[in-house]
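Visitor: Structure for this input, please:
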Amino acid sequence: MTEDPRSIGQSASVVEAARLMREEHIGSLPITDDEKLVGMITDRDITTRVVAEAADPAMTSVGDVYSRDLISVEPDEDLDEALQLMARHQVRRLPVVENGSLVGIVAQADIALGANEKKTGELVEAISAPSEGERS
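Guide: Sure, this is the predicted structure:
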């Protein structure tokens, strides 16, 4: 788990979010409001909700495009449950939340380092499967 992860506020521009993702070498950022987690913005959100819509990223706020359907875990969550959540929701990162406040991020890479190869392979396969909206 990455403790005390970088986050961004809803009023920040998409450009600010993208720059922070580039600087930190990450594909998503937690969105916080007074340390409380309210959502996540991903590079995919920026691509599909800003670039593909020809919106001006400098004039578009993070609050306009971030994902509000939060999937998160508690710090004492079982690793197997976190794996199941990641696979079920096809996400590579889960915010770790304690009493509503963001305390960390658990990533697919964290699990790969701590889990056996079979579990890691199963997780990668589940996350990589086409989602319902992408299937023909």
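
Visitor: now the strands: where do they sit in the protein?
Guide: Counting by DSSP state E, residue ranges of the strands within the chain are 2-3, 28-33, 36-42, 93-98, 101-107.

Visitor: just the helices in the protein please.
Guide: 14-24, 43-46, 62-65, 79-89, 108-114, 117-128 (DSSP state H).

Visitor: Can you say which of the strands of the chain is nearest to Glu74?
Guide: Put simply, out of those the one that sits nearest Glu74 is strand 93-98, at 6.5 Å, with distance taken as CB to CB. (Glycine included, C-beta is placed from N, CA and C.)

Visitor: one step back: turn the strands of the chain into TSV, including mean neighbour count and mean pLDDT.
Guide: Converted to TSV, these look like this (neighbours: other CB atoms under 10 Å; pLDDT from 0 to 100):
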stretch	mean neighbour count	mean pLDDT
strand 2-3	12	87
strand 28-33	22	94
strand 36-42	20	94
strand 93-98	20	93
strand 101-107	19	92
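
Visitor: For the ones you listed, give me TSV that also has distance to Glu16.
Guide: As requested, the strands of the chain are exported to TSV (distance: least, CB to CB, whole Å):
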stretch	distance to Glu16
strand 2-3	20
strand 28-33	10
strand 36-42	10
strand 93-98	19
strand 101-107	18
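
Visitor: mind checking which of the ones you listed is nearest Ala54?
Guide: Judged by CB to CB, the one of those that comes nearest to Ala54 is strand 36-42, at 18.5 Å.

Visitor: I figured Ser67 hits Leu37, correct?
Guide: No - taking CB atoms under 8 Å as the definition, Ser67 is not a contact partner of Leu37, at 11.7 Å.
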